[in-house]
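> My questions are about this predicted structure, shown below with the sequence.
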Amino acid sequence: MVTLAESVTRRLREAVLGGAYMPGGRLNEMALAEAMQVSRTPVRAALGALFAEGLLDYEPNCGYVVRRLSLDEAVHIYTVRATLEGLAARLAAETGLADAARQRFRETLDEMERLVAGDSWGDAEQQRWGDLNIAFHGQIIAASGNGYLANSIQRTRTLPLLTESGVRTFLAERAVVWWDRAAYRRSQDDHLDLGEAILARQGGRAEAVMREHVERAGRLIGRKLANRSEAALALS
């Protein structure tokens, strides 16, 4: 049964990750309580939980603020994530998937491939592919059978700078999506290689493909953030 504190934490987490509060923006306990129509107690618990998750920072004389990420921090997060998800892929391959999990895994891969290979590629297709991408990575993490590893990976995925439907960053008042269709195709090719390695119980290969898959996303975000920083300096 979901407690009030858990419900408030989920709502606040979704708001932060959805861009309702910009990096560096202050989260006022009383204002949040009034907006959510709850007492300050569950809001206080939610702020503490999101601070522990790395979504928020605490600044003296200011309180909780949405965490700001530098270019170096963003790249470092992907380095750690690549190592952790690579381990998850290896464990999933070596352990093997049960019949039902194997079937879901194949169905997820097949639908992702139909979307990327299809004639239509608009917002609806991108959103669906992004949802399936979350499911695909989640299935691999679950198949690793290591709850501590799963929790560690989650810490690298729930940050204001990053979401799973491609690569996003909250800049000014909106989120900017950087992936084009060719990047989705390249990512899907990685997924097909991963699926093949995991289903064939090839742990070393699965780990190597996953690490490169995540590291490539890190290199992309590093280049894009660097380019945007240079453009901002040129315009200042």
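That came through, no problem.
> Give me the contacts around stretch 188-207.
Under the contact criterion CB atoms under 8 Å, 6 or more residues apart in numbering, stretch 188-207 has outside partners 86-87, 89-94, 96-97, 102, 105-106, 109, 112-113, 116, 133, 136, 140, 143, 209-210, 212-213, 216. To be clear about C-beta, it is placed using only N, CA and C from the backbone, and glycine gets the same treatment.
> how about residue 114, secondary structure?
Secondary structure, DSSP: H, G, I helix; E, B strand; the rest coil: residue 114 is helix.
> Identify the residues contacting stretch 42-61?
With contact meaning CB under 8 Å, 6+ apart, stretch 42-61 is reached by 4-5, 7-9, 12-13, 16-17, 27, 29, 32-33, 36, 64-68, 155, 158-160.
> middle-most residue in this protein, spatially?
By CA atoms, centre = their mean, the mean C-alpha position of the chain lies nearest to residue 157, the distance being 3.6 Å.
> Let me know the distance separating that one from residue 69.
Distance, residue 157 to residue 69, using CB to CB, to the nearest Å: 13 Å.
> And for residue 5?
Separation of residue 5 from residue 69 (CB to CB): 26 Å.
> Of the contacts of stretch 42-61, which belong to helices?
Within the contacts of stretch 42-61, residues falling in helices by DSSP state H are 4-5, 7-9, 12-13, 16-17, 29, 32-33, 36, 155.
> What's the PyMOL line that selects buried ones from those residues?
Only the buried entries of the ones in helices among the contacts of stretch 42-61 go into this PyMOL selection, using 16 or more other CB atoms under 10 Å:
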select buried, resi 5+8+9+12+13+16+17+32+33+36+155
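> Max pairwise distance over the ones in helices among the contacts of stretch 42-61: which two?
Spatial extent of the ones in helices among the contacts of stretch 42-61 (CB to CB) is set by the pair 33 and 155 at 26.6 Å.
> From the contacts of stretch 188-207, keep the buried residues only.
Judged by 16+ other CB under 10 Å, buried ones among the contacts of stretch 188-207: 86-87, 89-94, 97, 105, 109, 112-113, 116, 133, 136, 140, 143, 209-210, 213, 216.
> What ranges does the protein have for its helices?
Assigned by DSSP H, the chain shows helices spanning 4-17, 29-36, 40-53, 71-95, 99-117, 123-144, 147-157, 181-199, 203-235.
> and residue 23, which of those is closest to it?
Closest of those to residue 23 is helix 4-17, at 9.4 Å (criterion: CB to CB).
> could I get that closest one in PDB with only the CA atoms?
Output in PDB follows, covering the C-alpha atoms of helix 4-17 (Å, rounded to 0.1, in the frame of the first residue of the first chain):
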ATOM      1  CA  LEU A   4       1.300   9.500   1.500                       C
ATOM      2  CA  ALA A   5       5.000  10.200   1.700                       C
ATOM      3  CA  GLU A   6       5.700   7.800  -1.100                       C
ATOM      4  CA  SER A   7       3.000   9.300  -3.200                       C
ATOM      5  CA  VAL A   8       4.300  12.800  -2.700                       C
ATOM      6  CA  THR A   9       7.900  11.700  -3.400                       C
ATOM      7  CA  ARG A  10       6.800  10.100  -6.700                       C
ATOM      8  CA  ARG A  11       4.900  13.200  -7.700                       C
ATOM      9  CA  LEU A  12       7.800  15.500  -6.900                       C
ATOM     10  CA  ARG A  13      10.300  13.200  -8.600                       C
ATOM     11  CA  GLU A  14       8.200  13.200 -11.800                       C
ATOM     12  CA  ALA A  15       7.900  17.000 -11.600                       C
ATOM     13  CA  VAL A  16      11.700  17.500 -11.300                       C
ATOM     14  CA  LEU A  17      12.500  15.000 -14.000                       C
END
